[in-house]
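Novice: just need the structure, nothing else, for what follows:
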Amino acid sequence: MRAGAGSGNRRGGTAAGLFGAALLVAGTVLGTGGAYAQPSPTPTGSSSPGGRSTGNAQGDEDEGNGRRDDGKGGKGDRDDRDGHRPGHHGSESPHPSTSATGATGAPGNPGAPAAAGPTGGTATTPPAAKPTGAVRPAPAGTVLAAAAAGPDTGLPTAQGLQQALAGVLADKNLGTVGLAVADASDGQLLYGSGENTAATPASTTKLATSIAALSLIPGDTRLTTRVVKNAATGGITLVGGGDPTLTALPADQVQIGGIPADPDTAPASLDALARQTATALKAAGAASVVLDYDVSLYSGGLLHKNHDNENIAAVTPLMVDEGKVDPKSIADAPARVGDPAGAAAEAFAALLKAQGITVQGKAKQATTPAAADAPVLGRVDSPTVARLVERMLTTSDNTLAEAIARQAALAAHQPASFEGAATAVTQELARLGVPTAGVVLNDGSGLHTGNAVPPVVLVKLLALAASAEHPTLRPVLTGLPIAGFTGTLGKRFGSTSGAADAAGLVRAKTGSLSGVNTLAGTVVDADGRLLSFALMTRTTAPADTARTAMDRVIARLATCGCH
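Specialist: Here you go, the predicted structure:
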């Protein structure tokens with residue numbers, strides 16, 4: 001794999017310099033959001049915890065996220081905890097062709113993003129977040145421009161790429177392969193092998209979900225959980241707004257992947273909501289109250305087709321700590337409660353009691369939606385949708401992905417269900433100019449084995465995220481894991497992988513189901529150019545072996561100019 005220019009001989013900058021550039025384009029788990037069209041009050045209670053509640057509660061499959069050892073030497077039978085045990089099979093993987101094309105892959109006339117946010121009164125846009133002392137990444141567009149403008153050499157050629165990749169693509173552990181490589185600055189397709197053949201995307205489906213959501217919903221939208229007066233019962237109603245990251249934990253116990261969050265990424269606090277509500281009730285002279293909860297924002301079934309109550313929770317607009325049985329668990333695939341909404345209401349009742357308000361009896365699900373004009377006793381708001389997208393991509397969070405997909409559905413005036421979300425995402429991609437031939441979506445997370453996406457579509461999604469015409473899509477890039485450092489790529493591209501030269505130079509979304517492994521993202525090549533790629537495989541090789549073989553393919557892109 002050392003043929004051609006190695007990392008120590010990079011043109012247009014040293015390896016260390018390019019490493020730094022890659023970290024900048026990858027950033028942290030943070031990124032900038034867009035402007036929201038609908039003003040709302042300043043959020044309260046959203047910054048009380050010190051971090052997110054769910055850890056990697058659906059992290060990606062690759063790093064063992066969500067997969068238990070199958071007893072055959074391989075972790076990761078489940079996609080980013082994609083909840084798939086051995087024996088679940090999806091659509092056929094691509095059959096590689098020998099095509100290599102220079103056809104332009106830039107999306108067509110994308111049009112302007114829709115201004116309207118989701119319906120139901122759950123998505124709000126507070127004023128800009130206060131500055132914090134946390135390290136923030138440089139805008140991804142700046143780094144993209146720097147990476148593209150530095151080298152004086154030409155683009156990699158189809159022949160150069162074919163020759164450079166021939167050896168690593170011959171690895172039998174890859175099985176059936178589909179590959180697309182493009183210039184990240186404009187989406188021009190440089191090389192393809194089975195690039196137009198639809199394959200099971202696994203968690204790279206989350207790229208489509210993210211692009212559609214950020215196109216439909218302004219990036220600084222926040223998801224609101226409210227408590228309102230219930231005129232019918234004389235009590236109060238806890239209204240779910242679709243925020244699965246809402247936490248019942250004290251601030252000092254909240255973790256995101258074991259790392260504290262800054263104020264921009266801290267989840268909303270159920271305790272803060274209880275304090276607000278108790279204060280309002282006491283002011284009205286109430287010491288006890290009847291509580292019910294409203295989950296009318298979503299429609300359709302609660303359970304994913306491949307639901308296992310570990311890789312994903314029941315999908316409901318009201319839950320705390322992503323429905324984990326142990327809210328402090330940082331396991332890849334933690335046990336989930338059977339009724340997340342009911343559990344959230346019980347936790348809220350306990351927090352009210354701690355504030356001196358007694359809940360009469362057991363909280364029940366409301367029979368009718370809360371009135372739109374019902375007096376609000378308390379509200380807390382999630383991090384911005386831009387931050388939620390970054391978190392979802394970095395940790396490959398299935399529960400969060402389905403929540404974001406439903407917000408996209410609401411914004412597109414589709415039912416907030418698995419089916420409605422899939423329709424909304426597919427239609428928005430088409431509106432943005434992404435070719436949808438061969439694209440089949442059944443969910444927002446990629447857990448569904450019936451999803452199908454060609455590799456060329458994945459690189460076009462990345463091109464949209466990098467496009468100067470769509471700066472609000474940039475969190476898709478800033479949320480991608482960094483090879484060898486963060487998220488679901490944290491344990492890949494290691495010193496014994498044969499792909500270590502690409503550590504820090506690759507940022508990509510992982511995906512895996514039983515027998516399926518995918519990787520789509522960006523890589524800095526030996527000339528300092530930023531390339532985008534999508535590699536999709538189906539194989540009987542152990543998951544870790546297959547992923548290492550994939551990493552070597554992408555590392556080869558990093559170590560050659562491929563002219």
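Novice: what count of nearby residues applies to Gly433?
Specialist: Close neighbours of Gly433, defined as other C-beta atoms under 10 Å, add up to 15. All C-beta spots, glycine's among them, are computed from the backbone N, C-alpha and C.
Novice: and Ile482, by the same measure?
Specialist: A count of nearby residues for Ile482, using other C-beta under 10 Å, gives 24.
Novice: now Thr472
Specialist: Thr472 has 19 neighbours, counted by other C-beta under 10 Å.
Novice: likewise for the one 3 residues further on?
Specialist: Other residues within reach of Pro475 by the criterion other C-beta under 10 Å amount to 31.
Novice: pretty sure it sits against Pro218.
Specialist: No: using C-beta atoms under 8 Å, Pro475 is not in contact with Pro218; the gap is 11.8 Å.
Novice: average pLDDT across the helix or strand harbouring Asp271?
Specialist: Assigned by DSSP states H and E, Asp271 belongs to helix 270-283. Mean per-residue pLDDT for helix 270-283: 98.
Novice: which other helices and strands contact that helix?
Specialist: Helices and strands touching helix 270-283, by 3 or more C-beta pairs under 8 Å, 6 or more residues apart in numbering; DSSP states H and E, are strand 222-229, helix 340-354, strand 376-384.
Novice: next SSE after the shortest one?
Specialist: In this case it means strand 222-229. On the C-terminal side of strand 222-229, the nearest following helix or strand under DSSP H and E is strand 236-239.
Novice: what about that next one, distance to the chain center?
Specialist: Taking C-alpha atoms, centre = their mean, to the nearest Å, the mean C-alpha location of strand 236-239 is offset from the chain mean by 29 Å.
Novice: restrict that strand to CA atoms and write it as CSV.
Specialist: Taking C-alpha atoms only, strand 236-239 is exported to CSV below (Å, rounded to 0.1, in the frame of the first residue of the first chain):
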residue,chain,number,x,y,z
ILE,A,236,-51.4,19.4,33.8
THR,A,237,-50.1,17.7,30.6
LEU,A,238,-46.5,16.9,29.8
VAL,A,239,-46.3,17.4,26.0
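Novice: from the contact counts, what lies against it?
Specialist: Applying 3+ C-beta pairs under 8 Å, 6+ apart, we find strand 236-239 packed against strand 222-229, strand 291-294, helix 340-354.
Novice: what about the first one, average pLDDT?
Specialist: Strand 222-229 shows an average pLDDT of 98 in the prediction.
Novice: TSV for the helices and strands packed on helix 270-283, including mean neighbour count?
Specialist: Below are these laid out as TSV (neighbours: other C-beta atoms under 10 Å):
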stretch	mean neighbour count
strand 222-229	25
helix 340-354	21
strand 376-384	25
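Novice: what about the ones you listed, which gets the closest to Ala555?
Specialist: strand 376-384 (33.5 Å; C-beta to C-beta).
Novice: what's the angle from the next helix or strand after the closest one to strand 376-384?
Specialist: Using DSSP H and E, the helix or strand that follows strand 376-384 in sequence is helix 385-395. In terms of direction (axes from the mean of the first three to the mean of the last three C-alpha atoms, to 10 degrees), helix 385-395 departs from strand 376-384 by 50 degrees.
Novice: pLDDT below threshold where in the stretch 151-300 of the chain?
Specialist: Where the stretch 151-300 of the chain drops to pLDDT under 70, the residues are 151-153.
Novice: go again using 50 as the cut-off
Specialist: By pLDDT under 50, the low-scoring segments of the stretch 151-300 of the chain are 151.
Novice: the stretch 1-150 of the chain now?
Specialist: By pLDDT under 50, the low-scoring segments of the stretch 1-150 of the chain are 1-121, 125-150.
Novice: residues in contact with the nearest residue to Gln360 once chain neighbours are set aside?
Specialist: Closest residue to Gln360 apart from its sequence neighbours, by C-beta to C-beta, 6 or more residues apart in numbering: Val290 at 5.1 Å. Contacts for Val290 were tallied using C-beta atoms under 8 Å, 6 or more residues apart in numbering; they are 230, 233-236, 359-361.
Novice: appreciated, that's everything.
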